[in-house]
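> Structure for the following, please:
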Amino acid sequence: MSPAEFERRAAPLFGGFGWQQRWANAIGLSRQHVSKVVNGKAALPESWVAILEALERLPRAEWSSRWDMKDTKKSA
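Here you go, the predicted structure:
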């Protein structure tokens, strides 16, 4: 999957604006790192693709709380 395809599929799934921060919070990385991946400046990890594909198939009600769309700030 290309970084553009990842973003095309992930952004709406994770709430549009601010999705990179929510993804970063959930996987324990910085939003800056996520941005580098999406912009092709770092490799797209296969694990991210696998997570995305799994979440696309799982009803949102069954998602772990780590994917909470309300929290856009990284907790300490």
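
> what sits up against stretch 29-37?
For stretch 29-37, the surrounding residues in contact (Cβ atoms under 8 Å, 6 or more residues apart in numbering) are P3, F6, Q20, Q21, W23, A24, A42, A43, L44, P45, W48. Placement of C-beta: from N, CA and C, glycine included.

> What residues of it count as buried?
Using 16 or more other Cβ atoms under 10 Å as the burial criterion, the residues of stretch 29-37 that qualify are R31, V34, V37.

> State the pLDDT value of the second one.
Translated: V34. At V34, the pLDDT value in this model is 96.

> which one of the buried residues of stretch 29-37 is nearest A61?
A61 has its nearest neighbour among these in V34, at 25.0 Å by Cβ to Cβ.

> pLDDT score assigned to W23?
At W23 the predicted local confidence, pLDDT, stands at 92.

> got the CA positions of the host helix or strand of it in CSV?
W23 is part of helix 19-27 when elements are defined by DSSP states H and E. Output of helix 19-27 as CSV, limited to C-alpha atoms (Å, rounded to 0.1, in the frame of the first residue of the first chain):
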residue,chain,number,x,y,z
TRP,A,19,-6.6,11.8,12.4
GLN,A,20,-2.8,11.6,12.4
GLN,A,21,-2.7,12.7,16.0
ARG,A,22,-5.3,10.1,17.0
TRP,A,23,-3.4,7.4,15.1
ALA,A,24,-0.1,8.5,16.7
ASN,A,25,-1.7,8.4,20.2
ALA,A,26,-3.1,4.9,19.7
ILE,A,27,0.2,3.4,18.4
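
> so how far is that helix off the chain centroid?
Distance, stretch centre to chain centre, for helix 19-27: 5 Å (Cα atoms, centre = their mean, to the nearest Å).

> who does that helix touch, helix- and strand-wise?
With contacts defined as 3 or more Cβ pairs under 8 Å, 6 or more residues apart in numbering; DSSP states H and E, the packing partners of helix 19-27 are helix 3-13, helix 31-38.
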